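A.B. asks: output the structure for:
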Amino acid sequence: MYREKKKTVTPELIREILSWVFYTVIAVFVAFVLVLSFGKRVRVIGDSMETSLYNGQSVLVNRIVYKLVSPKKDDVIVFLPNGNEKSHYYVKRVVAGPGETVKIVDGNLVVNGETVVTESREYDKMEEAGIAENEIKLGNGEFFVLGDNRNSSEDSRSANIGVVKISTIAGKAWFSFGSKEGKTGLID
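C.D. replies: Just a heads-up that it's a prediction; the model follows:
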């Protein structure tokens with residue numbers, strides 16, 4: 001005759017369960033604190049970053065990285081134009097940094113006197129040069145940014161945005177999610 005062994009709850013089993021619950025709660029708390037301290041989530045507004053990012057998509061921002069290193073060419077940054085706290089965050093790509101000169105000639109980006117040719121991406125010729133019609137020399141802590149969808153972007157070419165100062169940059173966009181196109185992942 002088969003007998004079922006009655007399972008007993010031992011003090012060791014209870015300690016093991018409580019230990020797992022305790023460490024799980026601690027891990028969730030630490031993750032929450034880290035995200036609040038070092039991260040930020042912003043929403044992409046408009047189509048200026050298509051085909052990399054789409055309108056309404058959420059972007060996670062690394063707020064600590066630019067306290068350690070400066071933004072570099074091709075980084076996608078999140079910033080407040082002119083530090084305006086009442087504005088929404090802008091998401092744009094860095095095309096030039098401190099000490100470089102920028103000009104737009106015949107719809108092409110010219111950095112340090114050389115037309116920029118990008119193998120990894122194909123950009124349309126820019127219809128409007130804006131303030132970059134004349135050469136701009138970037139000072140210390142200044143960056144020139146453009147949207148990936150160049151002809152539908154309000155960026156450093158616009159007088160109301162201009163060059164982006166390091167003090168107005170919230171951080172580096174590193175992960176996107178939540179688009180209607182279903183594109184989710186690391187931002188290149």
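
A.B. asks: what strands line up against the longest strand along the chain, and which way round?
C.D. replies: Ranked by residue count, the top strand of the chain under DSSP state E comes out as strand 169-177. Strand 169-177 pairs in its sheet with strand 58-62 (antiparallel), strand 76-79 (antiparallel), strand 185-186 (antiparallel), by DSSP bridges.

A.B. asks: got JSON lines for these, with distance to Ser176 and mean pLDDT too?
C.D. replies: Placement of C-beta: from N, CA and C, glycine included. Shown next, in JSON lines, are these (distance: least, CB to CB, whole Å; pLDDT from 0 to 100):
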{"stretch": "strand 58-62", "distance to Ser176": "5", "mean pLDDT": "89"}
{"stretch": "strand 76-79", "distance to Ser176": "9", "mean pLDDT": "95"}
{"stretch": "strand 185-186", "distance to Ser176": "7", "mean pLDDT": "71"}
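
A.B. asks: mean neighbour count, those strands: which tops it?
C.D. replies: strand 76-79 (a mean of 23; mean count of other CB atoms under 10 Å).

A.B. asks: tell me which of the strands paired with strand 169-177 lies nearest to Tyr89.
C.D. replies: Between Tyr89 and those, the tightest spacing by CB to CB is seen for strand 76-79, at 5.1 Å.

A.B. asks: pLDDT value on Gly182, please?
C.D. replies: Looking at Gly182, its pLDDT stands at 60.

A.B. asks: one more: Asp106?
C.D. replies: pLDDT, Asp106: 90.
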